[in-house]
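Student: sequence isn't available, so here's the structure alone:
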């Protein structure tokens, strides 16, 4: 039976969405449009002068700004946490999906770090990474590494330190998504491969991995986007330091806007961040068919 | 029985036994790795009960010589207490989440179960807006809140927190899976959209609403960026800012830091223990469909 809506019922639809549409317009759409405008101005919250339109000056300033270039470099290094975390997560998910007791308990154990408060997590890792007496470096020394890195305290290793924290926090998320995908893999396929005489690692390499490749791809894309937007763990552990060695793009934007109040310039940098996200999405869209073996 | 069958059965029994052993070996290995994942938390809890001199004793002393409660006490009572931050966090998270669930459900109903001109274009726009990174919004929101007079005010977190696109998206997905015959029957009985929403769809969608509510609550509770940018006064601080402030004021009190950190994550641990099914489901859905 086909149901016909009358005019009054059509208006009802608008009323249902109206409050949310209003809020989203006010707190998302208009600010985004305003930020786009600010990108072309010299607005600074310090001088409180009205914004002057300066065209593309902020963008050419970004092109020449060494600090911005370094932040791009740190962001790029930080992105490697994503494949690293995925590589650790797949074996965990694979084993959890295999014959294991206490599956639910185990799943929760791996997932817990993901839902934790970033600042609390940052605190703990700051102490674990303590260069002289911290448990991580003591363990490394015990294992025979005489000069372990100073982690968060040194400009050369700090980006890897925050990267490790981020990768650790993301494992739980990756495992959950992999588990969902692995449950869809028919066990007959694995058995067939086993019967055909394939070794277990051959089965993983030629059956399981290709079957979950769309998931791997999804985790890479969402992981990259998440890593680019990531802010809390870095800000709480190092605040972008020492020096500017962990000032990734999101921290660069925050510092420019709320420490130097250079808001037009910060807006331009935030659109640069958006451009990188868009590029990843375009690559995702183009690459989906080529890289996913199904 | 012929010898062939006997050997086959023997083989199967042996395979079964080795599978059972394999299961337990894998379980133990996975438990060990899982505990390794959680070591930072165990270290945090253990340190919060230690004396300052014991913090960096190596090999790690997991069980302190004497359990000291004074660090935890300082977190809950006294002039440096966290109770105030707790109150702020609870207030902001509860109001934001309640608002977000209600407003998202309303909009989700509009998008999923009514038809109006421009509905699909509007929803597509919603999805595009969802891609905007928060970094773009901080500066204009900062200026807007200053102008509205809600900068350095809890409203700067609560008001935007009540509007989430993700919530609309997640709940809409569930609403669309409810058979249309149900609302059609109610229409014929003379019920309007408001009654159908409130008395039929919302009760049916309780699991989806719960999933979103729990996820949104944990996001609000853990929100650090917005609080960092929009709150200045110490009385307004939420837990993440309170924690951050703690380290500025007591630079080397490591035991106190760990006690404070434990207090900060306690509510989420409790929430997680009771609702992990919803949380894990919701997170999985958010990734696959988002």
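Tutor: Everything's here; your move. Everything numeric here is computed off the predicted structure, so don't read it as measured data.
Student: number of residues surrounding residue B:258?
Tutor: Neighbourhood size, residue B:258 [other CB atoms under 10 Å in any protein chain shown]: 25. Every C-beta, even on glycine, is put in place using the N, C-alpha and C of the backbone.
Student: please identify the helix or strand for it.
Tutor: Under the criterion of DSSP states H and E, residue B:258 resides in helix B:254-289.
Student: pLDDT weak spots in chain A?
Tutor: Applying pLDDT under 70 to chain A flags residues A:1-10, A:48-49, A:289-294.
Student: ramachandran angles for residue B:191?
Tutor: phi -80, psi 150 (degrees, to the nearest 10).
Student: next, the angle from the longest helix along chain B to helix B:254-289.
Tutor: Counting by DSSP state H, the longest helix found in chain B is helix B:3-48. For helix B:3-48 against helix B:254-289, the angle by axes from the mean of the first three to the mean of the last three CA atoms, to 10 degrees is 130 degrees.
Student: so for helix B:3-48, mean pLDDT?
Tutor: Average pLDDT, helix B:3-48: 82.
Student: just checking, what packs against it?
Tutor: If you count contacts as 3 or more CB pairs under 8 Å, 6 or more residues apart in numbering or on different chains; DSSP states H and E, helix B:3-48 packs onto helix A:81-97, helix A:103-111, helix A:118-128, helix A:158-182, helix B:254-289.
Student: please tell me how far that helix is from the chain's geometric centre.
Tutor: Put simply, helix B:3-48 sits 30 Å off its chain's centre (CA atoms, centre = their mean, to the nearest Å).
Student: do the next helix or strand after it and chain A meet?
Tutor: Sequence-wise, the next helix or strand downstream of helix B:3-48 (DSSP H and E) is helix B:70-76. No: using CB under 8 Å from any CB of the partner chain, helix B:70-76 stays clear of chain A, coming no nearer than 12.1 Å.
Student: and helix B:70-76, what other elements does it pack with?
Tutor: Checking 3+ CB pairs under 8 Å, 6+ apart, helix B:70-76 ends up next to helix B:254-289.
Student: tell me the mean pLDDT for the helix it packs on?
Tutor: Per-residue scores along helix B:254-289 average to 83.
Student: and residue B:171, what element?
Tutor: helix B:165-176.
Student: downstream neighbour of that helix in the secondary structure list?
Tutor: Going down the chain from helix B:165-176, the next helix or strand is helix B:180-188, by DSSP H and E.
Student: so what does whichever strand or helix holds residue A:227 touch, helix or strand wise?
Tutor: Here residue A:227, judged by DSSP H and E, is contained in helix A:213-229. On a contact count with 3+ CB pairs under 8 Å, 6+ apart, helix A:213-229 meets helix A:66-79, helix A:81-97, helix A:158-182, helix A:249-258, helix A:263-291, helix B:254-289.
Student: one more time with 7 Å, if that's ok
Tutor: helix A:66-79, helix A:81-97, helix A:158-182, helix A:263-291 (3 or more CB pairs under 7 Å, 6 or more residues apart in numbering or on different chains; DSSP states H and E).
Student: counting contacts, what elements does the first one pack onto?
Tutor: The criterion is 3+ CB pairs under 7 Å, 6+ apart, and the helices and strands that helix A:66-79 contacts are helix A:158-182, helix A:213-229, helix A:249-258.
Student: mean neighbour count for those helices - can I get that in TSV?
Tutor: Putting these into TSV (neighbours: other CB atoms under 10 Å in any protein chain shown) gives the following:
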stretch	mean neighbour count
helix A:158-182	23
helix A:213-229	20
helix A:249-258	24
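Student: save these as CSV, and put in distance to residue A:117 too.
Tutor: Output for the helices and strands packed on helix A:66-79, formatted as CSV (distance: least, CB to CB, whole Å):
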stretch, distance to residue A:117
helix A:158-182, 11
helix A:213-229, 17
helix A:249-258, 18
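Student: close to chain A, is the helix holding residue B:258?
Tutor: Yes: applying CB under 7 Å from any CB of the partner chain, one finds helix B:254-289 touching chain A at B:254, B:257, B:261, B:264-265, B:268, B:272, B:276, B:279-280, B:283-284, B:287.
Student: most neighbours among the residues you listed, which one is it?
Tutor: Among the residues of helix B:254-289 next to chain A, the one with the most neighbours (other CB under 10 Å) is residue B:261, at 30 neighbours.
Student: quick check: closest non-adjacent residue to that residue.
Tutor: Closest residue to residue B:261 apart from its sequence neighbours, by CB to CB, 6 or more residues apart in numbering or on different chains: residue A:120 at 4.0 Å.
Student: what's near enough to touch that neighbour?
Tutor: B:243, B:261, B:264-265 (CB atoms under 7 Å, 6 or more residues apart in numbering or on different chains).
Student: ok, now with 6 Å
Tutor: B:261, B:264-265 (CB atoms under 6 Å, 6 or more residues apart in numbering or on different chains).
Student: chain B - how does it break down into domains?
Tutor: Domain ranges of chain B: B:3-68, B:73-289, per automatic domain parsing.
Student: and the particular helix or strand that has residue B:157 in it, what does it pack onto?
Tutor: Using DSSP H and E, residue B:157 falls within helix B:155-161. Helix B:155-161 sits against helix B:83-113, with contacts defined as 3 or more CB pairs under 6 Å, 6 or more residues apart in numbering or on different chains; DSSP states H and E.
Student: redo that, cut-off 7 Å
Tutor: Packed against helix B:155-161 by the contact rule (3+ CB pairs under 7 Å, 6+ apart) you find helix B:83-113, helix B:225-230.
Student: can I get those helices in CSV with mean pLDDT?
Tutor: As requested, the helices and strands packed on helix B:155-161 are arranged in CSV below (pLDDT from 0 to 100):
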stretch, mean pLDDT
helix B:83-113, 94
helix B:225-230, 94
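Student: ok, and what's touching stretch A:19-31?
Tutor: B:103-104, B:106-107, B:126, B:129, B:132, B:137, B:140-141, B:144, B:160, B:162-163, B:165, B:168.
Student: at 8 Å instead, please
Tutor: Stretch A:19-31 is contacted from outside by B:103-104, B:106-107, B:122, B:126, B:129, B:132, B:136-137, B:140-141, B:144, B:159-160, B:162-163, B:165, B:168, using CB atoms under 8 Å, 6 or more residues apart in numbering or on different chains.
Student: which ChimeraX command selects the buried ones in the residues you listed?
Tutor: Only the buried entries of the contacts of stretch A:19-31 go into this ChimeraX selection, using 16 or more other CB atoms under 10 Å in any protein chain shown:
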select /B:103,104,106,107,122,126,132,136,137,140,141,144,159,160,162,163,165,168
